[in-house]
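# need coordinates for the following:
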Amino acid sequence: MMWVAGVRALYFQALHPRAVRGVMQNSDFRKEAVGRLMRTENFVGTTTYGTTDAAEKAGARVRKIHRMLSAVDPDTGERYGVDEPELLLWVHCAEIDSYLHIMRRSGYPITDAHADRYIREHLVSARLVGLDPDAVPANRAEMSAYFEKVRPELAVGAEAREVDDFLRRPPTHPLLVPAREVLWRRVSRLAYASLPPYAHELYGRAAAEPATVTRQLRAYGTLLRRVPARLRWQLPPKHVLRAMSRLGPGSRPAPYKLGG
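You can find the predicted model right below:
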């Protein structure tokens, strides 16, 4: 389900004109999108399951890259760094909100207290990418207030349209087009549909009714969580297996502890 959440985060992040401009002006998004997703997955996996040293090094790499990049506002000619705090904060909040939203809506047993703790623990990842933790939402109420505050700044420009087009129809080998239509389009459509209504209004595309989206997310979540854990843990780059090996045979990922 985190892949659905990751695509939702991309749709969400593209709504901030300055943030998405920083991405589009510093990369060939169509050729590098999968690589960007995998790098994000590796960063999240490292900060979740890796050692403190590995997480700090991952954060240092991200900060170094961001310091070297800038973008230009085509309307004003202003050049700005992609590591501006307001841009980093938007990317962080859209990502964390998407992970939490999709997991809860898909039926995963996360209480309000768990959700607040999840957001609070991610103050560490916010610091690692260069944010001041004191300026980052630390619970659901603060996250909601942040989105209300930033909402007037959101818009769908040419860059966001390009992201939307890519996520709906990513380039692929002709032989893989049927698989893209069957698998990827379902993920993309569900990720888009799970966005808040104001995001649909900005993109100008309708989505299924919220109740329908929730049912679909629950169905997919129920199905995917039936995949044996040992099989899921084998997915590259095997952060979970490395953590279990480091911590001992009795260790298990946090979901196994939620009931307690």
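
# low-confidence stretches in the protein?
Filtered on pLDDT under 70, the chain yields the residue ranges 29-30, 32-34, 254-260.

# can you rerun that using 90?
1-3, 27-41, 48, 109, 166, 168-186, 224-238, 240-241, 244, 248-260 (pLDDT under 90).

# the strands in the protein, which residues?
Assigned strands in the chain, in chain order: 70-72, 79-81 (criterion: DSSP state E).

# the last one packs against which elements?
Packing contacts for strand 79-81, counted by 3 or more CB pairs under 8 Å, 6 or more residues apart in numbering; DSSP states H and E, involve strand 70-72. In this view, the C-beta of every residue, glycine as well, is placed from N, C-alpha and C.

# now the strand it packs on: buried residues?
The neighbour-count check on strand 70-72 (16 or more other CB atoms under 10 Å) flags Ala71 as buried.

# who does it touch, helix- and strand-wise?
Strand 70-72 packs on helix 17-24, strand 79-81, going by 3+ CB pairs under 8 Å, 6+ apart.

# contacts only, for the nearest residue to Arg63 once chain neighbours are set aside.
Distances taken as CB to CB, 6 or more residues apart in numbering place Gly130 nearest to Arg63, at 4.9 Å, with adjacent residues excluded. The neighbourhood of Gly130, defined by CB atoms under 8 Å, 6 or more residues apart in numbering, consists of 59, 62-63, 66, 83, 85, 88.

# buried among the residues you listed? Make that a ChimeraX selection.
The ChimeraX selection below is limited to those of those classed as buried (16+ other CB under 10 Å):
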select :59,62,66,83,88
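
# keep only those of the contacts of Gly130 that are in helices.
59, 62-63, 66, 85, 88 (DSSP state H).

# looking at the residues you listed, which is nearest Thr214?
Leu88 (30.7 Å; CB to CB).

# let me see the contact set for that closest one.
Contacts of Leu88 (CB under 8 Å, 6+ apart): 66, 126, 129-131.

# separation between Ala208 and Val240?
33 Å (CB to CB, to the nearest Å).

# neighbour count: those two, which is higher?
Val240 (20 against 15; other CB atoms under 10 Å).

# Glu201 is in contact with Leu154, correct?
No - taking contacts as CB atoms under 8 Å, Leu154 lies outside contact range of Glu201: 10.2 Å.

# more neighbours, these two?
Leu154 (18 against 11).

# residue contacts, the more buried one?
By CB under 8 Å, 6+ apart, the residues touching Leu154 are 15-17, 198-199, 202.

# by neighbours, which of those wins?
In those, the most neighbours by other CB under 10 Å go to Leu15, 24 neighbours.

# for that residue, which non-adjacent residue is spatially closest?
The shortest distance from Leu15 to any non-neighbouring residue, by CB to CB, 6+ apart, is to Leu154 (4.3 Å).

# verify the contact between Ala208 and Ala193 for me.
Yes - using CB under 8 Å, Ala208 is in contact with Ala193, at 5.0 Å.
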